[in-house]
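> Make a model of this:
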Amino acid sequence: MRNKKKDIILGAFVWLCAGITVAVLIGILGYILVNGLPHVTWDFLSSPYSASKNGEKGILPMIINTLYVILVSLFFATPIGIFSAIYLTQYAKQGRLVSLIRFATEVLSGIPSILFGLFGYSVFVVLFQLKLSIISGSLTMMICILPTIIRTTEESLLAVPTSYKEGAMALGAGKLRVTMGIVLPCAMSGVLTGIILAMGRIVGETAALLFTVGVSGNSMPRGNNIFDAVFGQVFKQGNTLALHLYNSAMNGKDPGYVPFATAATLLILVFILNRVAGLLSNRLKK
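Below you'll find the predicted structure:
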């Protein structure tokens, strides 16, 4: 009887904590969406930004810059993270080197993003003379998201049953073919989970990008031709949605609705990216 009362009290406490968590989440999302969604119009999403008070306050350049940072960061970080995880789980002998690499990834995952920004500014902006640009911010974000991709991929590879590998090798398949043709495809859903988490980190990052991307890149991609316009933008400043949200909320130049509308757009963008990655993950599972 006494244990039953304890179970009831513990269960009620667990449900209370869960309810508080859900209520806080709903409160934050509801507050942002209620204040921001009415102002998220097609003109707001598709028009360029002007810093003048009478100019348009569209966020299309920020959306494009955010996608640039996501794509360029993942372009560098995904293969490095996946192949690092493959080495750690399939090829490396468990010893000091493996322990050192895992320790380094754990340390990187716990470093404040502002330190990544300082490092990115010192190395990519100053030393490599890439200046404040999307490529500098993307390389900085690559370092930020590498631990997430490595750890999630590593756990996914370890979760693949050893019988799959043993059966394939018994049939004469080589180590590389077994790894790339059987183990990695079976773990692909977990790999995509790591990529989804990395995208969320990129989209919501401000401190690291504040040092490396700059906050004055509010113009649309331009160039003499399509190639120059698309790839030349990577070497220019590019204000992302998160940075624009910070600037518009702090500088007081924009109308009061702009930060909330930008935040609502940011939430919608994260939801869309997660859904696309989730659908792709389900397709790969089939």
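
> isn't residue 159 right next to residue 187, touching?
Yes: taking C-beta atoms under 8 Å as the definition, residue 159 is a contact partner of residue 187 at 6.8 Å. The C-beta positions use only the backbone N, C-alpha and C, and glycine is treated the same way.

> ok, those two, which is more surrounded?
residue 187 (23 against 11; other C-beta atoms under 10 Å).

> residues contacting the residue nearest to residue 37 when sequence neighbours are not counted?
The shortest distance from residue 37 to any non-neighbouring residue, by C-beta to C-beta, 6 or more residues apart in numbering, is to residue 264 (5.2 Å). For residue 264, the contact set (C-beta atoms under 8 Å, 6 or more residues apart in numbering) comprises 32-33, 35-37, 39-40.

> which regions of the chain sit below the pLDDT cut-off?
Applying pLDDT under 70 to the chain flags residues 1-2, 50-56, 217, 223, 227, 252-254, 284-286.

> longest single helix anywhere in it?
In the chain, taking DSSP state H as the definition, the longest helix is helix 2-36.

> Now do it: which elements does it pack against?
helix 257-285 (3 or more C-beta pairs under 8 Å, 6 or more residues apart in numbering; DSSP states H and E).

> buried ones in the helix it packs on?
Under the neighbour-count criterion of 16 or more other C-beta atoms under 10 Å, helix 257-285 has 257-267, 269-270, 273, 277, 281 buried.

> distance between the longest helix of the chain and the chain's centre?
Relative to its chain's centre, helix 2-36 lies at 27 Å (C-alpha atoms, centre = their mean, to the nearest Å).

> As a check, name the ranges of all helices in this protein.
All helices of the chain, identified by DSSP H, fall at 2-36, 42-46, 60-86, 96-110, 113-120, 134-158, 162-170, 175-178, 184-186, 188-204, 207-212, 226-232, 241-251, 257-285.

> Indicate which one of those helices is closest to residue 220.
Proximity to residue 220 (C-beta to C-beta) singles out helix 60-86 among those, at 5.3 Å.

> Could you count how many residues lie near the residue nearest to residue 165 when sequence neighbours are not counted?
Here the nearest residue to residue 165 in space, its sequence neighbours aside, is residue 178; by C-beta to C-beta, 6+ apart that works out to 5.4 Å. Using other C-beta under 10 Å, residue 178 has 19 other residues around it.

> Next: residue 76.
Using other C-beta under 10 Å, residue 76 has 17 neighbouring residues.

> For the closest residue to it other than its chain neighbours, list the residues it contacts.
Counting by C-beta to C-beta, 6+ apart, residue 76 lies nearest to residue 142, which is 4.5 Å off, once chain neighbours are set aside. Residues in contact with residue 142, defined by C-beta under 8 Å, 6+ apart, are 73, 76-77, 80.
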